[in-house]
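A.B. asks: Give me a model of this one.
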Amino acid sequence: MKELKEYIDKIIPFAENEVEKFTSLFIEKKIKKNEYFATEGEYSNKLGFLTNGVMRAFFCNSNGNEYTKTFFTKSNFLAAYSSIVTNEKSLINIQAITASTVLVADFKEIVNLYNQYPKIERLGRIFAEQKFAIKEKREIELVTLNATERYQIFRKEHKGLENLIPQYYIASYLGITPTQLSRIRSKITKE
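C.D. replies: Just a heads-up that it's a prediction; the model follows:
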């Protein structure tokens, strides 16, 4: 819980009773490599905070091709956001790429605290705004930058991650084939 408290304290300072009320909703869960935190087509009500490991959010097209939406690393919130907000079936999968530890809370229990603890609601708003900004930036990069530029941004924003995860996940995240990624990596190492 210490990591969670430190993370939220950087966003908004809480009184001790407020932070305790919020963090008391979370329970530590170990997730094995390849195990799912959320599954496409199922309802999700879980909000997680990753304290250890690497996870990814992805979806599949009708041909079964996977598209990696994002990666989650230590000290990151994760959820099948469209499902927890709309109460509809999840559009994405969230899977552990490595053995991971996640603090998990029922999102509805957090929402129930909003009226009594306005700072918790404010934390949720700030968090949603940050996630939206990240999503907008990523969408723009996908359509305005070439694959090499996207790869360089990936390496900068996710330092060391490429040594922990399969290259085809990175290729999927960048919107390219593994062969294209291999060529880009080869070209960069020669420079």
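
A.B. asks: quick one: the spatially most central residue of the chain from G175, how far?
C.D. replies: The centre of the chain sits closest to F72, judged by CA atoms, centre = their mean, with a distance of 3.9 Å. According to CB to CB, to the nearest Å, F72 stands 19 Å off from G175. The C-beta positions use only the backbone N, C-alpha and C, and glycine is treated the same way.

A.B. asks: returning to what we had before: the residue nearest to the centre of the chain and I11, how far apart?
C.D. replies: Counting by CB to CB - F72 and I11 are separated by 17 Å.

A.B. asks: Also E157?
C.D. replies: Relative to I11, and taking CB to CB, E157 is found at 19 Å.

A.B. asks: can you check T51 too?
C.D. replies: 17 Å.

A.B. asks: By residue count, what's the longest helix in the chain?
C.D. replies: Selection of the longest helix in the chain by residue count, based on DSSP state H, yields helix 118-144.

A.B. asks: How many neighbouring residues does the closest residue to A105 other than its chain neighbours have?
C.D. replies: Closest residue to A105 apart from its sequence neighbours, by CB to CB, 6 or more residues apart in numbering: L25 at 4.1 Å. By other CB atoms under 10 Å, 17 other residues sit near L25.

A.B. asks: swap in L164?
C.D. replies: Here the number of neighbours of L164 (other CB under 10 Å) works out to 14.

A.B. asks: Model confidence at the nearest residue in space to R150 that is not next to it in sequence, what's the number?
C.D. replies: Closest residue to R150 apart from its sequence neighbours, by CB to CB, 6+ apart: L174 at 4.9 Å. In this model, L174 is scored at 96, pLDDT.

A.B. asks: C60 versus L174, what's the distance?
C.D. replies: Separation of L174 from C60 (CB to CB): 17 Å.

A.B. asks: If you count surrounding residues, which of those two has more?
C.D. replies: L174 (22 against 12).

A.B. asks: That one contacts F154, correct?
C.D. replies: Yes. With contact defined as CB atoms under 8 Å, L174 and F154 form a contacting pair (6.4 Å).

A.B. asks: Quick check: mean pLDDT of stretch 14-32?
C.D. replies: pLDDT averaged over stretch 14-32 gives 94.

A.B. asks: quick revisit: how far does the longest helix of the chain sit from its chain's centre?
C.D. replies: Its chain's average C-alpha position is 12 Å from that of helix 118-144, according to CA atoms, centre = their mean, to the nearest Å.

A.B. asks: And the strands in the chain, which stretches?
C.D. replies: Using DSSP state E, the strands of the chain run over 27-31, 36-38, 46-52, 55-60, 66-72, 76-78, 93-96, 100-106.

A.B. asks: With just CA atoms, put the fourth one into PDB.
C.D. replies: By that I understand strand 55-60. These are the backbone C-alpha positions of strand 55-60, laid out as PDB (Å, rounded to 0.1, in the frame of the first residue of the first chain):
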ATOM      1  CA  MET A  55       1.000  -6.200 -18.100                       C
ATOM      2  CA  ARG A  56      -0.500  -5.200 -21.500                       C
ATOM      3  CA  ALA A  57      -3.900  -4.200 -22.700                       C
ATOM      4  CA  PHE A  58      -4.800  -5.600 -26.100                       C
ATOM      5  CA  PHE A  59      -7.700  -6.500 -28.400                       C
ATOM      6  CA  CYS A  60      -8.200  -8.900 -31.200                       C
END
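
A.B. asks: Lovely, talk soon.
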